[in-house]
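**Q** The amino acid sequence is not available; the structure is as follows:
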């Protein structure tokens, strides 16, 4: 099985711009969650989606949004970028139901640099 | 806020030695997981221990959990240079949610 795929892997934006990151979960996984990783704050939960519905949201401003499509693929968007948004954005997927072991499967991340 | 706090923040050892990392958490849990992250890459799940378990083994990994002290430890035996990475504990995943709360991690360096 292919792993979790995140695109793009690296991107550079300037303040005020917006960015969209994409995540394709492992085939058959219907739950997708997003995390932001920075040196200062560590790994922080952004949001979680299941069946195109947001199940949980972390403590981030409204500039951070996401969605999930019917094929379980997910996107997250950050508008009006700030320097502090520079981070590694990680997507994780997991199966739901009896096959759910509690383990999350992470992609390699999208490294965003805001100048 | 961080649920787990790893200790030490950084650890440097020689190949063949054992590495022990500790994690403390604040609230009651259903399970605790450990993940590894190679520099700037994605996280890889290592092991999950449930709240009713006290110890679990997987290959060269040994995890213990003490719910009375709200702490866990990860032991890597006979370390290899390839074990060089950051290690994170994570709690959560309760009530059908996949939200995990991670500690700040221990950066392990294994010198050849």
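**A** Cool, got the structure. Predicted, not measured: the structure shown is a model, and the values here were computed from it.
**Q** what ranges of the chain fall below the confidence cut-off?
**A** No chain in the question, so chain A it is. A:1, A:97-100 (pLDDT under 70).
**Q** Switch to chain B, please.
**A** B:1-4, B:93-98.
**Q** the strands in it, which residues?
**A** Ranges of strands in chain B, per DSSP state E, are B:5-7, B:10-14, B:19-24, B:31-37, B:43-50, B:55-58, B:61-66, B:71-76, B:85-92, B:100-102, B:106-111.
**Q** Can you lay out those strands as TSV showing distance to residue A:4 and mean neighbour count?
**A** Backbone N, C-alpha and C define where each C-beta goes, glycine included. Output for those, formatted as TSV (distance: least, C-beta to C-beta, whole Å; neighbours: other C-beta atoms under 10 Å in any protein chain shown):
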stretch	distance to residue A:4	mean neighbour count
strand B:5-7	24	19
strand B:10-14	28	14
strand B:19-24	24	20
strand B:31-37	14	24
strand B:43-50	11	18
strand B:55-58	22	12
strand B:61-66	23	18
strand B:71-76	23	20
strand B:85-92	17	24
strand B:100-102	15	24
strand B:106-111	24	18
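**Q** Those strands: which one's closest to residue A:5?
**A** Closest to residue A:5 of those, according to C-beta to C-beta: strand B:43-50, at 15.2 Å.
**Q** so how far is chain A from residue B:23?
**A** 13 Å (C-beta to the nearest C-beta, to the nearest Å).
**Q** what residues are up against that residue?
**A** B:4-7, B:32, B:34, B:71-74, B:89, B:103 (C-beta atoms under 8 Å, 6 or more residues apart in numbering or on different chains).
**Q** nearest spatial neighbour of it, skipping sequence neighbours?
**A** residue B:89 (3.5 Å; C-beta to C-beta, 6 or more residues apart in numbering or on different chains).
**Q** Might one say that that neighbour is in contact with residue B:72?
**A** Yes. In terms of C-beta atoms under 8 Å, residue B:89 counts as a neighbour of residue B:72; the distance is 6.0 Å.
**Q** any shared contact partners between the two?
**A** B:23, B:25, B:32, B:34.
**Q** Could you report the neighbour count for the second one?
**A** Going back to what we said before, that points to residue B:25. When counting by other C-beta atoms under 10 Å in any protein chain shown, one arrives at 23 neighbours for residue B:25.
**Q** Help me confirm that residue A:50 comes into contact with residue A:30.
**A** Yes. Between residue A:50 and residue A:30 there is a contact under C-beta under 8 Å: 6.0 Å.
**Q** residues shared between the contacts of the two?
**A** residue A:96.
**Q** Could you find the closest non-adjacent residue to residue 14?
**A** All of this is about chain A. residue A:115 (5.2 Å).
**Q** looking at chain B here, not the other one
**A** Closest to residue B:14 by C-beta to C-beta, 6+ apart is residue B:111, at 5.3 Å.
**Q** got a list of what that neighbour touches?
**A** Going by C-beta under 8 Å, 6+ apart, the list of residues near residue B:111 reads B:12-15, B:81.
**Q** Brilliant, that's me finished.
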